[in-house]
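Participant: Sequence plus the predicted model coming up.
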Amino acid sequence: MKKKKITPFVIISVLAMPVFAHDLFLKLDSFFVKLNQKISISVMNGTFQESEGAVTFARLTDLSVVSPSGSVSHPVETDLTKNETTAFLNFVPKEVGNYVVGISTTWRENALKAQEFNEYLPAEGIPDILEKRKRDGELEKDARYRYSKYVKTIFQAGNKATDSYKTVLGYAVEMVPQQNPYMLKKGSSLDILCLKDGKPLAGQIVTTGYETAGRMLGETSARTDKDGMLKVKLSGSGKWYAKFINMVKIDDPKLNYESKWATLTFEIK
């Protein structure tokens, strides 16, 4: 798949612009866990390495845990603890295999002045909306939009691989790996199916990268193909993420756009 070339303009924008929103990731200290021992999954509200605000239970519209056997449970508010910056989902894995954990959030709204919004779009991997604003003569228009987030993680309990890794949670936007990440190694490729409303999302820009030894490496962006598929080259071992923002213009007297965020995390040995 042809990689999206990140222009100097985009890189400069990322460095110079203020942070308009936070990514949301589910992250473990290690994605390889032991059975019958309590684990805490960090809800990273900020970047992949630093959470800047603890997500509250009241903000969630779904919290699901899929076991290796395929059964689904829904943790309650007491299973979610937090400190000043980070929320933690706590539970004890009791089955050998792959677990999938998902979170979805309520809608929130934000407003940006025209210039800030124009800078925000390419920096967050949404250049198509900027092109439409250019085409429609709307570059001078301020923007108000709503957004919601849909995040997943896959981790390994014990040393058995199970098919639960490909569970579809039915979120508004979602990423579904087509191979088990825990059967892959550095240098392998992983196909990720991107969905919107349960249907393949073609032409979506997705950003991937990984963390190893505390360093962020290998970030790259590419578009999904006509079948909503993205092929990710697993260039290094570590904690991996994939993320995208799907934004569309909407017909609403109070809002101009709607964006849905998706992230997926896992680890490669």
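Facilitator: On my side now, so go ahead.
Participant: Could I get the full set of helices for the stretch 1-150 of the chain?
Facilitator: In the stretch 1-150 of the chain, the helices defined using DSSP state H, counting those that start in this stretch lie at 8-16, 114-123, 127-135.
Participant: The second one vs helix 127-135, what angle?
Facilitator: Orientation check (axes from the mean of the first three to the mean of the last three C-alpha atoms, to 10 degrees): helix 114-123 against helix 127-135 gives 140 degrees.
Participant: Can you point out the buried residues in helix 114-123?
Facilitator: 117, 118, 119, 120, 121, 122, 123 (16 or more other C-beta atoms under 10 Å). No exception for glycine: its C-beta is placed from N, CA and C like everyone else's.
Participant: what would these look like in a markdown table with distance to residue 75 and pLDDT?
Facilitator: Formatted as a markdown table, these follow (distance: C-beta to C-beta, whole Å; pLDDT from 0 to 100):
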| residue | distance to residue 75 | pLDDT |
| --- | --- | --- |
| 117 | 36 | 98 |
| 118 | 40 | 98 |
| 119 | 38 | 97 |
| 120 | 33 | 96 |
| 121 | 35 | 97 |
| 122 | 37 | 96 |
| 123 | 34 | 93 |
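Participant: could these be laid out in TSV, adding distance to residue 191?
Facilitator: As requested, the buried residues of helix 114-123 are exported to TSV (distance: C-beta to C-beta, whole Å):
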residue	distance to residue 191
117	33
118	34
119	33
120	30
121	27
122	26
123	27
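Participant: List just the nearest of these to residue 162.
Facilitator: residue 123 (38.1 Å; C-beta to C-beta).
Participant: Relative to residue 233, how far out is the closest one?
Facilitator: 24 Å (C-beta to C-beta, to the nearest Å).
Participant: Could you do residue 23 as well?
Facilitator: Where residue 233 is concerned, residue 23 sits at a distance of 22 Å (C-beta to C-beta).
Participant: The two - which one has more neighbours?
Facilitator: residue 23 (20 against 15; other C-beta atoms under 10 Å).
Participant: Give me the residue ranges of the stretch 1-150 of the chain where confidence is low.
Facilitator: 1-21 (pLDDT under 70).
Participant: in it, which spans are strands?
Facilitator: 3-4, 23-27, 32-33, 39-46, 60-66, 72-73, 80-82, 87-91, 97-105, 108-112, 143-157 (DSSP state E, counting those that start in this stretch).
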